[in-house]
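[1] Task: produce atomic coordinates for the following.
(2 chains)
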Amino acid sequence: MIYFIYDATFDGLLTAVFESFDRKLIPDKVISENEQIPLFIEQIVDIATDEVKSQRVWKGLQKKLSPSACSMLTVNFLADYPNLSTILFRYICKTFQSERSIETNFSDNDVLELSQLYRKVRYEATRVMQFLRFQKSSDDIFFGPIAPLHNVLPLVISHFTDRFADQKWVIYDTKRQYGIFYDLKSTQEIILDNIQVEETTGKLHKEAMAEDEKIFQQMWKEYFNSLAIKERINPKLHRQNLPRRFWKYLPEKR
Amino acid sequence: MIELSEILIGRFLRKKWKKQSVQKTIIRSPENYFSTIKLSIYVIISIYYKNGIQILIPRKPAYLQKSYLRNMNDATLQKLKILAESAKYDVSCASSGTVRGNKSGGLGNTVGGMGICHSFTEDGRCVALFKIMLTNHCIYDCAYCVNRRSNDIPRTAFTVDELTTLTIEFYRRNYIEGLFLSSGVMQNPDYTMERMIRVVKNLRVIHRFNGYIHMKSIPGASRELVREAGMYADRLSVNIEIPTEENLKLLAPEKDHQSVFKPMSYIHQGMIENMEEQKKYRHAPRFVPAGQSTQMIVGATSETDREILSVSSMLYRQPSMKRVYYSGYVPVNHFDERLPALQVPPLVRENRLYQADWLMRFYYFSADEITESERPNLDLDVDPKLGWALRHPEKFPVDINKADYEMILRTPGIGVKSAQMIVASRQHTKLGYWELKKIGVVMKRAQYFITCNELPTFTIQEARPEYVRKALTQKANDKKRKNPDQLLLNFPE
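    Residues are numbered from 1 along each chain as shown, chains lettered A, B, ... in the order given. The predicted structure follows:
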């Protein structure tokens, strides 16, 4: 068993492809350094990320694949999925080995799996656009905690910067412990040391919350409750449309 | 104190002025919107200069002031609850149809496509827009409506400022995609319409709100007001409510179909003129970019499905009509003897009507085909497409590898996406059972209606429609009842 270990960046993955072709070495698995390394391995190859090498691979990919397939790869890289690195690695290798583009060859398991995964990741990004809720903090920053299944924050930044261009906001991924901060001009990645959010309810702490925040949350909740038509209640459909894992951060369901 | 008319604000905002100096002063808003509620509203404005002329443009909305917070109190909460209760029977909540990016200094955009649903109510309906009434006072006494004059419910009204503030604040927190504004009729249709326009204008012009706005056009409103509303709203809608005129007269003696169809045609004409303008001037302001929609109540009156669908198909002939909604009648006024005494709303019938609506819009069916004159109601057990196929066994089986697109589309178990994929992929190779299954065809249904690259199968010609119908409905009923594989634990009582 040969394992490639890379530094969990997309450049690292592309470098791994380069090294594999360069050393004529085919790994059984590619794992990122955050993952658990199994006990019994013949050989471990540490991949040192090299931007020159990764750029060469990326340019080659752009020649071989359509732009949509290239963006499919980068979007899939954000997924939380077992064995993801290995599948992506195999997909890229297969692309270089075949004469024609493999992107529509759905009889290949890797191609099929990645195309299905792509749909899931995009859907999760839509869910974040739907169910993210901002809470206004005492320093006039709109704070939106959320815990998506996949690491989709990079996919929603453009939507939120366009829509909420005139307010400062933070979207914080509580599962992966990082967030995006928009300061009316640009966005940047931030990590909060002591996050001011209650564990169980997802609410901002009292002292961190703006004084009018509470009343708007309450108003939204009351509004939501009065909107349901009692004669037509359908809890199964409700849960299907509005999955439980988001309820924690929705003022109307708290 | 400077009096400032909204017209002035509106005209000047259209042009781009260079900001030179900012000086804050307080002005009083033009008037109180409702005689019952006296409010003095303060708006902070900045002063812009151009060529020595002093122009007033409101900048910071009133709600950023501390004094405004006192307005947002329990009274507002009560109003919100009452008016949401009154607005909830409107079905439409779509935020689709317009793609518009944000402008500098503005708030919000619209995404188009499917729209974004921000929440779902307990009855499973999407909450995309802040669906609310300006007031639930109404001069009419329509039997089917919860807000009818003779109903004993709490009545209230929002001020323009309260409503804009709520919309903006909800929007900033990503609760909503925009506003759906409806209203009961106060004094007369034009009076009401004017007040509604004031809200949307306020949002667009003063608050620079760029999100989605769906506005109800009040039946009987004048052409000028509909035109003005259309300049601010993304979608306008007028509800037909009752499909035939005599039944409308029975339940709502003060209304007639003329008052509904007139505003509809105003919207339609406005859109067509606007399209011409857009061809000439690329930056001409858009008039109702997302078109219009309407709604009919199902089950409150004696109309058959055939009549309802023929009204819909008549409406869809106008290209501006994007959607017709069907609302299963929820008994809101128990005391009225003109209405049927229903225990539960006719949910299955409503669903079948929506399916029929889809057939008309995406499957090239005409309204006459979906129902027959001998049986004017839709079959509640099978969907309308399967129903049509069972009534017309002579058209089947369809050869998947040869038949034209429209006929493939009419086959039960094949949707628009699958039909397109079939037509595209059969150029490369002949399609068999497994290829169809992979494409996404529901073979359980389709097997009786198709032939493909396989040995002859048991189709509707051999099986007869009665058998197919039984086979397809029986399984659904069994599944609904219980899972046959599950062991039963019968405890004696």
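
[2] When you work out contacts or count neighbours from here on, use the C-alpha atoms and nothing else.
    Will do.

[3] thought A:Asn34 was touching A:Ala8?
    Yes: if you go by CA atoms under 8 Å, A:Asn34 and A:Ala8 touch, sitting 7.2 Å apart.

[4] out of the two, which sits in the more crowded spot?
    A:Ala8 (16 against 10; other CA atoms under 10 Å in any protein chain shown).

[5] Quick check: closest non-adjacent residue to the more buried one.
    Closest residue in space to A:Ala8, ignoring its immediate chain neighbours: A:Ser32 at 4.8 Å, by CA to CA, 6 or more residues apart in numbering or on different chains.

[6] Around the one you found, count how many other residues there are.
    21.

[7] Could you do B:Lys201 as well?
    23.

[8] now it: how far from chain A?
    20 Å (CA to the nearest CA, to the nearest Å).

[9] Which residues are in contact with that residue?
    Contacts for B:Lys201 (CA atoms under 8 Å, 6 or more residues apart in numbering or on different chains) come out as B:Tyr232.

[10] Phi and psi next, for it.
    phi -70, psi -40 (degrees, to the nearest 10).

[11] Which residues of chain A lie near chain B?
    Residues of chain A found near chain B, taking CA under 8 Å from any CA of the partner chain as the criterion, are A:126, A:129-136, A:142, A:162-166, A:212, A:215-216, A:219-220, A:222-235, A:237-238, A:241-242.

[12] Can you flag which of those residues belong to strands?
    Among the residues of chain A next to chain B, the members found in strands (DSSP state E) are A:135-136, A:142.

[13] Of those residues, which is the nearest to A:Leu153?
    Using CA to CA, A:Phe142 is the member of those that lies nearest A:Leu153, at 15.9 Å.

[14] Need the pLDDT of B:Arg100.
    Predicted confidence (pLDDT) for B:Arg100: 88.

[15] my guess is it meets B:Asn109, correct?
    Yes: applying CA under 8 Å, one finds B:Arg100 in contact with B:Asn109, separated by 5.7 Å.

[16] what is in contact with those two at once?
    B:Asn210.

[17] Compare these two (neighbour count), which wins?
    Shown here are B:Arg100 and B:Asn109; by other CA under 10 Å, B:Asn109 has more neighbours (24 against 15).

[18] from what I can see the more buried one touches B:Ser96, true?
    No: using CA under 8 Å as the test, B:Asn109 is too far from B:Ser96 to be in contact (11.8 Å).

[19] roughly how far apart are the residue nearest to A:Ala8 and A:Val45?
    From A:Ser32 across to A:Val45, the span is 12 Å (CA to CA, to the nearest Å).

[20] Mutual contacts of those two, please.
    Looking at what touches both A:Ser32 and A:Val45 (by CA under 8 Å, 6+ apart), the common residues are A:Ile5.

[21] May I have the phi/psi pair for B:Thr451?
    According to degrees, to the nearest 10, B:Thr451 has phi -120, psi 140.

[22] For the ones in strands among the residues of chain A next to chain B, could you give me a markdown table that also reports neighbour count?
    As requested, these are arranged in a markdown table below (neighbours: other CA atoms under 10 Å in any protein chain shown):
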| residue | neighbour count |
| --- | --- |
| A:Gln135 | 28 |
| A:Lys136 | 25 |
| A:Phe142 | 24 |
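
[23] Out of these, which is nearest to chain B?
    Among these, A:Gln135 lies closest to chain B (CA to the nearest CA), at 6.4 Å.

[24] My understanding was that that closest one contacts A:Glu213; is that so?
    Yes: between A:Gln135 and A:Glu213 there is a contact under CA under 8 Å: 6.6 Å.

[25] List the buried residues of stretch B:409-416.
    Across stretch B:409-416, burial judged by 16 or more other CA atoms under 10 Å in any protein chain shown covers B:409-415.

[26] got the phi/psi numbers for B:Ala290?
    phi -100, psi 10.

[27] which stretches of chain A form helices?
    With DSSP state H as the criterion, chain A has helices at A:10-23, A:51-64, A:67-76, A:84-97, A:109-131, A:153-163, A:213-227, A:235-241.

[28] Which one of these lies nearest to B:Gln427?
    Per CA to CA, nearest to B:Gln427 of the helices of chain A: helix A:109-131, 22.0 Å.

[29] in the closest one, what counts as buried?
    Result for helix A:109-131 [16+ other CA under 10 Å]: buried residues A:110-111, A:114-115, A:117-118, A:120-122, A:124-131.

[30] before we move on, what about stretch A:44-61?
    Counting neighbours by 16+ other CA under 10 Å, stretch A:44-61 gives A:45, A:47, A:49, A:53-54, A:57-58, A:61 as buried.

[31] repeat for stretch B:109-118
    B:109-112, B:115-118.

[32] got a list of what residue 139 touches?
    Here I'm looking at chain A. A:Ala210.

[33] Wait, chain B was what I had in mind.
    B:148-149, B:184-188.

[34] Where does it sit, in terms of helix or strand?
    B:Ile139 belongs to no helix or strand when assigned by DSSP states H and E.

[35] Model confidence for it, exactly?
    On the pLDDT scale, B:Ile139 gets 93.

[36] now A:Lys230
    87.

[37] Any idea how many residues pack against it?
    Neighbours of A:Lys230 (other CA under 10 Å): 11.

[38] now the one 5 residues further on
    The tally of other residues near A:Pro235 (other CA under 10 Å) stands at 13.

[39] so how far is B:Thr244 from the closest residue to it other than its chain neighbours?
    Once flanking residues are discounted, A:Pro235 sits nearest to B:Glu122: 6.0 Å by CA to CA, 6+ apart. Plainly put, B:Glu122 is 32 Å away from B:Thr244 if you go by CA to CA.
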